[in-house]
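Asks: Everything below, folded, please.
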Amino acid sequence: MTAPAPLLSVEHLTMRFGGLLAIDDLSLDVAARKITGVIGPNGAGKTTFFNCLTGFYKPTIGSVRLNHPQRGVLRLEALASHQVARSAQVVRTFQNIRLFPQMTVLENLIVAQHNALQHASRFSLAGLLGLPAYRRAEAAAMAKAVGWLERLKLIEKADTPAGALPYGMQRRIEIARALCVDPLLLCLDEPAAGLNPRESAELNELLKHLSRDEGIAILLIEHDMSVVMNVSDHLCVLNYGRKIAEGTPAQIQKDPNVIKAYLGEEDADEMRADELRADEAIDQEAVR
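Replies: Here you go, the predicted model:
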């Protein structure tokens, strides 16, 4: 039986900033309806990789192809960042929360749908006149926002200013806002940053639900091993911009190149002791 084509194919991606090689000949497939984790030490090139996927950077070399079910093959490296989200339905969140803090939670989710509303308003004319097409688009945007708030158990906070809510809840709202753009691929940049263990466990369940039940592919950058090892179907490990390992979480936990990248070189006895400690730490985090 032939394996299904990947949703996203990254081939020989290279990103240079002058003399700095940030991404070095990276190739990676991302499956539909699965969670693919990207991990590595600080400075490994993970966020640069996301920026190349989502149009913030134009890669020096390489291609990023999305197999869109309606639009066919799209070359993401040729699209502007707003086109990646609007046309390719590849949506991202950032390490730092970027909600509008004075707006309510509901308003934040409606603002995320501004492209559809702007099109329906015919650049404000239909909105000013209250024409039926705009009223229908406005009602659809409201229904979508409310629907995601209900599914993510945030509906009771709909009228609360986003900036007044706890940090962990703001993280969920940011994901809910991204979901309002109907992503085929949701790119999450360290969504567990700053979360306590309970909030990290809740994030685990949310990501599994989005992949398993909503059918959304997720590409995940994360340092929290209690998240990435529990939710990922597949892992890619970067170090100094190069892919040093790829496989299931179980395979990655035992990979000597991964252990070396996180711990550095030592003499044989010390390295073996650190490998055992690293295995134990990763296993403990994965079951938290």
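Asks: Can you show me the strands along the stretch 51-200 of the chain?
Replies: Taking DSSP state E, counting those that start in this stretch as the test, the strands found in the stretch 51-200 of the chain are 61-68, 72-75, 90-92, 185-189.
Asks: Mean pLDDT, mean neighbour count and distance to residue 242 for the ones you listed - can I get that in TSV?
Replies: Backbone N, C-alpha and C define where each C-beta goes, glycine included. Formatted as TSV, the strands of the stretch 51-200 of the chain follow (pLDDT from 0 to 100; neighbours: other C-beta atoms under 10 Å; distance: least, C-beta to C-beta, whole Å):
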stretch	mean pLDDT	mean neighbour count	distance to residue 242
strand 61-68	96	18	13
strand 72-75	96	12	23
strand 90-92	94	25	22
strand 185-189	96	24	20
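Asks: Present those strands as TSV; the columns should include distance to residue 147.
Replies: As requested, these are exported to TSV (distance: least, C-beta to C-beta, whole Å):
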stretch	distance to residue 147
strand 61-68	23
strand 72-75	27
strand 90-92	17
strand 185-189	16
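Asks: buried set for whatever helix or strand residue 250 lives in?
Replies: Assigned by DSSP states H and E, residue 250 belongs to helix 249-254. Residues of helix 249-254 classed as buried: 249, 252-253 (neighbour count, 16 or more other C-beta atoms under 10 Å).
Asks: quick revisit: mind checking the strands of the stretch 51-200 of the chain for the one nearest to residue 54?
Replies: In terms of C-beta to C-beta, the element of those nearest to residue 54 is strand 90-92, at 4.9 Å.
Asks: Provide the count of other residues in contact range of the closest residue to residue 33 other than its chain neighbours.
Replies: Residue nearest to residue 33 in three dimensions, not counting chain neighbours: residue 215, with 5.1 Å by C-beta to C-beta, 6 or more residues apart in numbering. Residues lying near residue 215 (other C-beta atoms under 10 Å) number 10.
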